[in-house]
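> when you get a sec, could you give me coordinates for this:
(2 chains)
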Amino acid sequence: MHADPKGVLTGVHFLDGDHACCEGTLAAGARFAAGYPITPSTEVVERFASRIPTVGGVFIQMEDELAASITIQGAVWGGAKAFTVTSGPGFSLMMEHIGYAAMTETPCVFVNVQRGGPSTGLPTLPAQADMMQARWGSHGDYGIIALCPNSPQECFDLTITAFNLSEEFRVPVMLMLDECVGHMTEKVVIPDAAAIDVYPRRFTHLPPGEFRLFEPREDKVPDMVRAGDGYRFHVTGLTHDERGYPSMNVDTQNRSVTRLLEKLQPFTGERALSETANLEDAEVVVVSYGITSRVAQRAIDMARQQGVRAGKFRIISAWPFPERHIAALAPKVKAMVVPELNLGQMVREVERAAAGKCKVTLVPHAGGTVHNPEVILKAILEAVR
Amino acid sequence: MNEQTLEIPCTIPADAANPVEPFLRMDRMPHIWCPACGIGTTVNCFVRALIESHANLDKVAIVSGIGCTGRVAGYANLDSFHTTHGRAIPFATGLKLANPELQVVVYSGDGDLFAIGGNHFIHAARRNMDLKVICVNNLTYAMTGGQTAPTTPGKVISATSPYGVFEPAFNLVALAEAAGASYVARWTTFHVKQLSRSMEEVLHKKGFCFIEVISPCPTLYQRRNKMGDGLDTMKYYKQASKIRHGARTTECDMTKSGEIIVGKFVDRDRPGYFEMLHAQMTETLGDRYAEPEVMCEQC
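Presented below is the predicted three-dimensional model:
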């Protein structure tokens, strides 16, 4: 279905990534946000707090991130599309509820504008060091989707994608900005509402009595209901059967937890989002994401000028990791160079997917600023030597 | 007296059922609670309050945290949510804000609501969020084996205070009043009629309402402290309780074996969260203010 025009600020704007993300939430149909202030992400909900009273919805500033990350899930079961926004320490506090959303298959969006860590770290400076936390931060086995925009325009576009995927797959979706992308200001084009696709909630068509809350459809994803519609359903973070009732049965555990991962399998291949260039003749491929992909682009251009056949693989959906794409690419190239604003996170996934078919080189950076393109260029040149 | 009125039917009709059954998920019975535990008594009172209040049960949602009382949501035949430890109130806040038509009841224990979840309790009371919070206070962490809670009175022996509790305990009713609750009452599981009535009363009252129910944990609290069995606890509740409506909540501390002040302590009208939201936005935005329509479209 199309976006509700009430939330769509159609036009050409000059926005930073945080504000563009906020416009994306409104275009996607989010009418509920709960947040707690933390740099460098607060601008998203500040704008939402300013915009939502004239669009028709609710923003509530909660007492902490523990509250914000579960308040949105209450709102979702009440029928809302909802999200929260945070950074660094706040993301750490939200981990339990990312697990709750995964276990209860609650569609919602967590925006994390990454800053330097660990602990309080570098509150106002960039990093990409929460990538593994986004995937593995809550206890137990579960799956999530994570998207990495690299511009304010993409902050808008991918926020809508994040909501759509969370509804389609009934998972929490992590929108992984970084401080640079969140605070850089660029042109953002917001189309007409009619040109924006919004994935509707998968409300069941079955009547109460016939409907089972966690009975998966063919795509392994169950349909949904909301409170107040007469279904008298039960939601629990305990391991539960298809009725939603708690179960200590090991077969139920195996069946239900396995499905949480299996339903996201398409993102390892055909549903993965990426941007590629010059892969046809590439001898070396730079694999990057977020702000680092823009620095990497400069290094790739410089390498090409020096006659090195460098290609680009920009990860947009980082989780589930697009391993089938990387696995297909690895035998065709000499090396993959992976710059990231951390000391080695997504590079491990690249290594795992490449499975020894090509050399994989990390270009680490502890965060606080971006790479110097010369450093990435040097790694490219060394990789093909 | 006509002798016939004393006749008691000696056979139970085949279709006879407990009047609370339609309100419970009978396919989940038996429940997990121990013999003489007070939680079931409170659930019985809650169901009777629902019956008396004539509430549309499709519009009543119940939210629990974690613990023995946290299991109440799973047995109630309502839209029910068993959330994470301590977070029933913020979950309920989101549910209520998304669909203000819902009557949202938070049903949880003292450890869940006042230790790990204490911050959420005071903030929801401050906001006067339209939630009905029922706290079954068994003065201990029961599910995990009887450890010290922020409500455990001094001198009590617990799994983590083997030489006796020395930290002061929270006085829940004083805390609720100070934080801004619109309604505050305390009963014990001996006071089933009064508890039912209080529960019915809050189902008709707007704003943040709080009912504390002092309840036995015979397995882990009474036994460890040589306080007898479930029946002994009922006798203690009967003897030690003093009904003092309107009592100063700051004088209602709980002790190990002393007086228990019960009754309705606070019943006041403060503007609710939505009222305050609408008033502020209308004042500052005028015609530009759009009333919240939070729910997404049915497909």
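> any figure for the gap between the closest residue to B:Ser80 other than its chain neighbours and A:Gly244?
Excluding the flanking residues, the one nearest B:Ser80 by Cβ to Cβ, 6 or more residues apart in numbering or on different chains is B:Ala73, at 4.0 Å. In this view, the C-beta of every residue, glycine as well, is placed from N, C-alpha and C. Separation of B:Ala73 from A:Gly244 (Cβ to Cβ, to the nearest Å) stands at 11 Å.
> helix, strand or coil for the residue nearest to B:Arg87 when sequence neighbours are not counted?
Leaving aside its chain neighbours, B:Arg87 sits nearest to A:Ile70 (4.4 Å; criterion: Cβ to Cβ, 6+ apart). Per DSSP: H, G, I helix; E, B strand; the rest coil, the local secondary structure of A:Ile70 is helix.
> hang on, the earlier thing: got the phi and psi for the residue nearest to B:Ser80?
phi -50, psi -40 (degrees, to the nearest 10).
> and it, what pLDDT?
B:Ala73 is assigned 97 on the pLDDT scale.
> try B:Val294
87.
> how close does A:Asn342 sit to A:Ala129?
4 Å.
> still on that earlier bit, I'd guessed the residue nearest to B:Ser80 sits against B:Tyr107; true?
Yes: under the criterion of Cβ atoms under 8 Å, B:Ala73 makes contact with B:Tyr107 at 6.4 Å.
> in chain B, which helix is the longest?
Criterion DSSP state H: the longest helix present in chain B is helix B:39-53.
> for that helix, buried residues please.
B:39-51, B:53 (16 or more other Cβ atoms under 10 Å in any protein chain shown).
> what average pLDDT does it get?
97.
> same check on stretch B:237-244?
In this model, stretch B:237-244 has a mean pLDDT of 98.
> what residues does it touch?
B:188-191, B:194, B:214, B:257-263 (Cβ atoms under 8 Å, 6 or more residues apart in numbering or on different chains).
> so what's A:Asn195 up against?
Check again: residue A:195 is Ala, not Asn. Shown in contact with A:Ala195 (Cβ under 8 Å, 6+ apart): A:His2.
> typo on my end, B:Val63
Counted by Cβ under 8 Å, 6+ apart, B:Val63 has contacts A:74, B:73, B:80-81, B:83, B:88-89, B:91-92, B:95, B:104-107.
> these: which two are farthest apart?
Greatest spacing in the contacts of B:Val63, by Cβ to Cβ: B:Ser80 and B:Ile89 (15.5 Å).
> neighbour count for the two, which is higher?
Using other Cβ atoms under 10 Å in any protein chain shown, the more surrounded residue of B:Ser80 and B:Ile89 is B:Ile89, with 33 against 25.
> quick check: the more buried one touching B:Val133?
Yes: with contacts counted by Cβ under 8 Å, B:Ile89 reaches B:Val133, the gap being 7.1 Å.
> what sits in contact with each of these two?
Residues within reach of B:Ile89 and of B:Val133 at once, by Cβ under 8 Å, 6+ apart, are B:Val106, B:Leu113, B:Phe121, B:Ala124.
> helix/strand/coil for the last one?
It stands for B:Ala124. Applying three-state DSSP: B:Ala124 is helix.
> swap in the first one?
Using three-state DSSP as the criterion, the local structure at B:Val106 reads strand.
> and it, how far from chain A?
11 Å (Cβ to the nearest Cβ, to the nearest Å).
> got a list of what whatever residue of the stretch 251-385 of chain A ends up closest to chain B touches?
Using Cβ to the nearest Cβ, the single residue of the stretch 251-385 of chain A nearest to chain B is A:Thr252, 14.7 Å away. Contacts for A:Thr252 (Cβ under 8 Å, 6+ apart) come out as A:Thr239, A:His240, A:Asp241.
> ok, B:Gln147 next?
B:Thr140, B:Tyr141, B:Ser158, B:Ala159, B:Thr160.
> which of these fall within helices?
Among the contacts of B:Gln147, no member lies in helices (by DSSP H).
> intersect these with the contacts of chain A.
Subset of the contacts of B:Gln147 in contact with chain A: empty, counting by Cβ under 8 Å from any Cβ of the partner chain.
> closest to chain A among the residues you listed?
Chain A lies nearest to B:Tyr141 out of the contacts of B:Gln147, by Cβ to the nearest Cβ, at 17.9 Å.
> how about A:Phe313, secondary structure?
Secondary structure, three-state DSSP: A:Phe313 is strand.
> so what's in contact with A:Asn342 and A:Ala129 at the same time?
A:Gly367.
> check the offset of stretch A:172-188 from the chain's centre.
Offset of stretch A:172-188 from its chain centre (Cα atoms, centre = their mean, to the nearest Å): 11 Å.
> could I get the average pLDDT for that stretch?
98.
> A:Ile21 belongs to a strand?
No Ile there; residue A:21 is Cys. No: under three-state DSSP, A:Cys21 falls outside any strand and is assigned helix.
> show me the contacts for the nearest residue to it once chain neighbours are set aside.
Distance criterion Cβ to Cβ, 6+ apart; nearest residue to A:Cys21, sequence neighbours excluded, is A:Cys155 at 4.4 Å. Applying Cβ under 8 Å, 6+ apart, we find A:Cys155 in contact with A:Gly17, A:Asp18, A:Ala20, A:Cys21, A:Gly24, A:Pro149, A:Leu175, A:Leu177, A:Val181, A:Gly182, A:Val188.
> so what secondary structure elements neighbour the strand or helix carrying the second one?
By that I understand A:Asp18. Take DSSP states H and E as the rule and A:Asp18 turns out to sit in helix A:17-28. Here helix A:17-28 touches strand A:11-16, helix A:42-55, strand A:108-116, helix A:152-169, strand A:172-178, helix A:179-183, strand A:185-190, going by 3 or more Cβ pairs under 8 Å, 6 or more residues apart in numbering or on different chains; DSSP states H and E.
> one more time with 6 Å
Under the contact criterion of 3 or more Cβ pairs under 6 Å, 6 or more residues apart in numbering or on different chains; DSSP states H and E, helix A:17-28 touches helix A:42-55, helix A:152-169, helix A:179-183.
> starting at the chain centroid, how far to that helix?
Going by Cα atoms, centre = their mean, where helix A:17-28 is centred and where its chain is centred differ by 14 Å.
> next SSE after that helix?
strand A:32-35.
> now the strands for chain B?
B:60-64, B:79-82, B:103-109, B:131-137, B:183-188, B:209-214, B:241-243, B:260-267 (DSSP state E).
> in CSV: these, plus distance to B:Lys235.
Formatted as CSV, the strands of chain B follow (distance: least, Cβ to Cβ, whole Å):
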stretch, distance to B:Lys235
strand B:60-64, 30
strand B:79-82, 34
strand B:103-109, 24
strand B:131-137, 19
strand B:183-188, 12
strand B:209-214, 14
strand B:241-243, 11
strand B:260-267, 13
